[in-house]
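Visitor: coordinates only, sequence not included:
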């Protein structure tokens, strides 16, 4: 039996067709509606959506019961992108022995539009069938093409929805792994830090210069790894931070909460005199953004005293938060690098360097809020981070 061939790239492009979320199960409303519209517009008694798989093709949906008994065969198509019309299948040697013709359907007229998606290519066909010879008017051809595009969009949308669901599941799993790993690592690290401190306090005088230096190396490495674990844990938590629940926030009150949450050294001054007003946004997310920016200044500034100022302005569409410090500036070409995950930052003298996660987290949260985080290093002294959030 000579059947219509699937286009040259057909089976290759549909290897992942079953990923389109159960396309080979019972009919559903979306596909039934499209098939029904095709029948009504073209005034044909039968219509079907045929989806190609590596094993052949299966009928996703149909509008007459007899379709349920049809065998699995390749759809009738010439491989082109236009509507393919055969006025009388019984007189066409390519198809006169096709099961649609010889089986219970007794098909004579056939018109089909290939269905394809950008990522998969050829996917199947949307077709209308009649038991008598016929033809389609120009407007019916145009309508069938439009329905074909709608069907392609439906299939692609389902694949995107499945990918999104898979990504969400993977994101949750990764967050759990990060939390477990960070928590389990922190306990032995804290023991190492405590033991090295006790060693220095109780036995430091018994070590020579090299011995004390080794203890310092061990202590610094433990602090760096502890800082990395905290960063990974915070990064994992940031993915779960709610940004949709918004409320009115008094910035003076929020600044007070940030002060209480941070362990601010005596040589650090946090100036919030210009951060006055109220905003309507996600409270926990905004607090994390501003707290990370203040922490960043405390971590990396090696001058004394340290002054970090927080200012707030707004216009009709946006809120603007500026966090400025009096430390050293950075080169223009380094501006974007500081937002990279795990970018190492130089800590003040006599302290271990930090792994740069805070700014990556801050940028991520700001973007989840629909905003941006930028840095201005054009000042003679210090840098200014600006968080822009939509109202």
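Guide: Sure thing, it's come through. In this text, all values refer to a predicted model and were calculated from it rather than measured experimentally.

Visitor: just the strands in the stretch 201-350 of the chain please.
Guide: 247-250, 268-274, 278-281, 306-314, 318-325, 343-345 (DSSP state E, counting those that start in this stretch).

Visitor: and those strands: which comes nearest residue 189?
Guide: For those, distance to residue 189 was read as C-beta to C-beta. The smallest value, 18.2 Å, belongs to strand 343-345. Every residue, glycine included, has its C-beta placed from N, CA and C.

Visitor: deepest of the strands of the stretch 201-350 of the chain, which one?
Guide: Mean neighbours per residue, mean count of other C-beta atoms under 10 Å, is largest over the strands of the stretch 201-350 of the chain for strand 318-325, with a mean of 20.

Visitor: quickly run through the sheet partners of that strand, with directions.
Guide: Within its sheet, strand 318-325 is paired with strand 306-314 (antiparallel), strand 384-390 (antiparallel), according to DSSP bridges.

Visitor: quick one, domains of the chain?
Guide: Following automatic domain parsing, one finds the domains of the chain at 10-164, 242-391.

Visitor: adding distance to residue 133, write the strands of the stretch 201-350 of the chain out as JSON lines.
Guide: Listed next are the strands of the stretch 201-350 of the chain as JSON lines, based on distance: least, C-beta to C-beta, whole Å:
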{"stretch": "strand 247-250", "distance to residue 133": "68"}
{"stretch": "strand 268-274", "distance to residue 133": "82"}
{"stretch": "strand 278-281", "distance to residue 133": "66"}
{"stretch": "strand 306-314", "distance to residue 133": "71"}
{"stretch": "strand 318-325", "distance to residue 133": "65"}
{"stretch": "strand 343-345", "distance to residue 133": "71"}
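
Visitor: for the chain, which element, helix or strand, carries the lowest mean pLDDT?
Guide: In the chain, the helix or strand scored least confidently by mean pLDDT, DSSP states H and E is helix 10-13, which has a mean of 35.

Visitor: and the next element down the chain from it?
Guide: Later in the chain than helix 10-13, the nearest helix or strand by DSSP states H and E is helix 29-42.

Visitor: any idea how far the helix or strand that that next one is followed by is from the chain center?
Guide: On the C-terminal side of helix 29-42, the nearest following helix or strand under DSSP H and E is strand 46-53. With C-alpha atoms, centre = their mean, to the nearest Å as the basis, strand 46-53 stands 32 Å off its chain's centre.

Visitor: next, the angle from strand 46-53 to helix 29-42.
Guide: Comparing the axes of strand 46-53 and helix 29-42 via axes from the mean of the first three to the mean of the last three C-alpha atoms, to 10 degrees yields an angle of 130 degrees.

Visitor: tell me the gap between the helix or strand where residue 101 lies and the middle of its chain.
Guide: Assessed by DSSP H and E, residue 101 sits inside helix 99-102. On the basis of C-alpha atoms, centre = their mean, helix 99-102 sits 46 Å off its chain's mean C-alpha point.

Visitor: point out where the stretch 101-250 of the chain drops to low pLDDT.
Guide: Low-confidence segments of the stretch 101-250 of the chain, defined by pLDDT under 70: 119-120, 182, 231-232, 234-242.

Visitor: how does it look with 80?
Guide: Filtered on pLDDT under 80, the stretch 101-250 of the chain yields the residue ranges 104-105, 116-124, 159, 170-187, 204, 223-244.

Visitor: tell me the helices in it, going along the chain?
Guide: Applying DSSP state H, counting those that start in this stretch to the stretch 101-250 of the chain gives helices spanning 138-203, 209-238.

Visitor: now do the shortest one against helix 138-203, angle only.
Guide: Direction vectors for helix 209-238 and helix 138-203, defined by the same axes, to 10 degrees, enclose an angle of 150 degrees.

Visitor: closest to residue 214 out of the strands of the stretch 201-350 of the chain?
Guide: Nearest of the strands of the stretch 201-350 of the chain (C-beta to C-beta): strand 343-345, 22.2 Å.

Visitor: follow-up on the earlier one: the domains of the chain: lowest mean pLDDT?
Guide: Across the domains of the chain, domain 10-164 has the smallest mean pLDDT, namely a mean of 74.

Visitor: quick one: residue 296 and residue 358 touch, right?
Guide: Yes: Residue 296 is within contact range of residue 358, at 5.2 Å (criterion: C-beta atoms under 8 Å).

Visitor: out of the strands paired with strand 318-325, flag the one nearest residue 39.
Guide: Smallest distance to residue 39 across the strands paired with strand 318-325 (C-beta to C-beta): 46.7 Å, for strand 384-390.

Visitor: ok, now which ones touch the nearest residue in space to residue 200 that is not next to it in sequence?
Guide: Spatially, and ignoring its direct neighbours in sequence, residue 200 is nearest to residue 215 (5.7 Å; C-beta to C-beta, 6 or more residues apart in numbering). The contact partners of residue 215, taken as C-beta atoms under 8 Å, 6 or more residues apart in numbering, are 196, 199-200, 204, 207.

Visitor: same thing with residue 307?
Guide: Going by C-beta under 8 Å, 6+ apart, the list of residues near residue 307 reads 268-269, 271, 325-326.

Visitor: look up which residues are beta-bridged to it.
Guide: Legend: beta-bridge partners of residue 307 under DSSP bridges are residue 269.

Visitor: what's the spacing between residue 385 and residue 295?
Guide: Between residue 385 and residue 295 the computed distance is 12 Å (C-beta to C-beta, to the nearest Å).

Visitor: cheers, nothing more for now.
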